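[1] Here you go, sequence then predicted model.
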Amino acid sequence: MSGPVHLAAERRRILAASLQHVPFDGWSERLLADACREAGLPADMAARAFPRGLGELVDFYLEEADRAMVEAVEQAGDAGGKLTARVKLAIRLRLERAAAEKETVRRTLAFLSLPQNAPLALSSLYRTVDAIWYAVGDTATDFSFYTKRLSLAAIYSATLLYWLDDRSEGASQTMAFLDRRIADLMRIGRLRGRLQRAAGRLPDPFGLFRDRA
């Protein structure tokens, strides 16, 4: 966990108080101080718990979501053995847990879209897709380690944006959208595999969804 580990409980109390306001007011500069006060903590706790300010609070919110997703995947167990099934399970569980706070997610994406928050947006997205691969048990250490994360970042980002406007029962349309995006990528990977076998020398950066037990 990033941030002052010895203040983990205080950080969670401040975050919980903050999330009561984010759907209505967004991630505002006064949020930290207000949340600290509402959590019944000393006034200086905001700066001690989140020395880098509001951006660190947002990052902590996303980090907690990553942690909860990994725990949910571990509790769910195997999803049929195939890597694609486990990846889809991880994304589905994450979205299910966020269903009750969709407006908070929307406000968070708006905050991350600000130019000054681009580094935070990129680092948090990388952490999420890395957490997904970790949760599903992928152990790649070759070049595909990077291409898998890059490809999944594109798929996850597109799925998250689709989900924000999805009003279907159980986000069924979002899951269908996710299936299509993964299927598209798998087709590209299989095509490159055939070309590589035919030519014997073409690079194959798409190791992303080679299903295996």
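    It's in. Numbers count the residues shown, from 1 in each chain.

[2] Would you state the strands of the chain in chain order?
    For the chain, strands defined by DSSP state E do not occur.

[3] residue contacts, residue 47?
    Residues in contact with residue 47 (CB atoms under 8 Å, 6 or more residues apart in numbering): none are found. C-beta coordinates here come from the backbone N, C-alpha and C atoms, glycine included.

[4] what about it, distance to residue 103?
    As judged by CB to CB, to the nearest Å, residue 47 and residue 103 stand 28 Å apart.

[5] Equivalent analysis for residue 119, please.
    25 Å.

[6] Specify which residue of the two has the higher count of neighbours.
    Using other CB atoms under 10 Å as the criterion, residue 119 and residue 103 rank with residue 103 on top: 13 against 9.

[7] Quick check: closest non-adjacent residue to that one.
    In this structure, residue 103 finds its nearest non-sequential neighbour in residue 23, 4.0 Å apart by CB to CB, 6 or more residues apart in numbering.

[8] Same question for residue 87.
    Nearest one to residue 87, counting by CB to CB, 6+ apart, is residue 136 at 5.6 Å.

[9] likewise residue 108?
    Leaving out its chain neighbours, the residue that sits closest to residue 108 by CB to CB, 6+ apart is residue 58, at 6.3 Å.

[10] next one: residue 112
    Computed as CB to CB, 6+ apart, the closest residue to residue 112 that is not its neighbour in sequence is residue 121, at 3.9 Å.

[11] Just give the number of residues close to the one you found.
    19.

[12] any idea how the protein splits into domains?
    With automatic domain parsing as the criterion, the domains of the chain are listed as 1-51, 65-199.

[13] Wait, residue 157 touches residue 124, no?
    No. The criterion here is CB atoms under 8 Å, and residue 157 misses it with residue 124 at 11.3 Å.

[14] which of the residues in stretch 92-112 are buried?
    The neighbour-count check on stretch 92-112 (16 or more other CB atoms under 10 Å) flags 92-95, 98, 101-102, 104-108, 111-112 as buried.

[15] And those residues, which two are furthest apart?
    92 and 111 (24.6 Å; CB to CB).

[16] sorry, back to before: more neighbours: which of residue 157 and residue 124?
    Using other CB under 10 Å, the more surrounded residue of residue 157 and residue 124 is residue 124, with 20 against 15.

[17] how much space is there between that one and residue 112?
    Per CB to CB, residue 124 is found 7 Å from residue 112.

[18] again with residue 38
    24 Å.

[19] separation between the residue sitting nearest the centre point of the chain and residue 51?
    Centroid-nearest residue in the chain, with CA atoms, centre = their mean: residue 128, separated by 3.6 Å. For residue 128, the distance to residue 51 equals 23 Å [CB to CB].

[20] Out of the helices and strands in the protein, which is least certain?
    Within the chain, no helix or strand scores below helix 172-199, which has a mean of 72 by mean pLDDT, DSSP states H and E.

[21] how many other residues sit next to the residue nearest to residue 108?
    Neighbours of residue 58 (other CB under 10 Å): 24.

[22] dump the residue contacts of it.
    Contact partners of residue 58, counting by CB under 8 Å, 6+ apart, are 27, 108, 111, 112, 117, 120.
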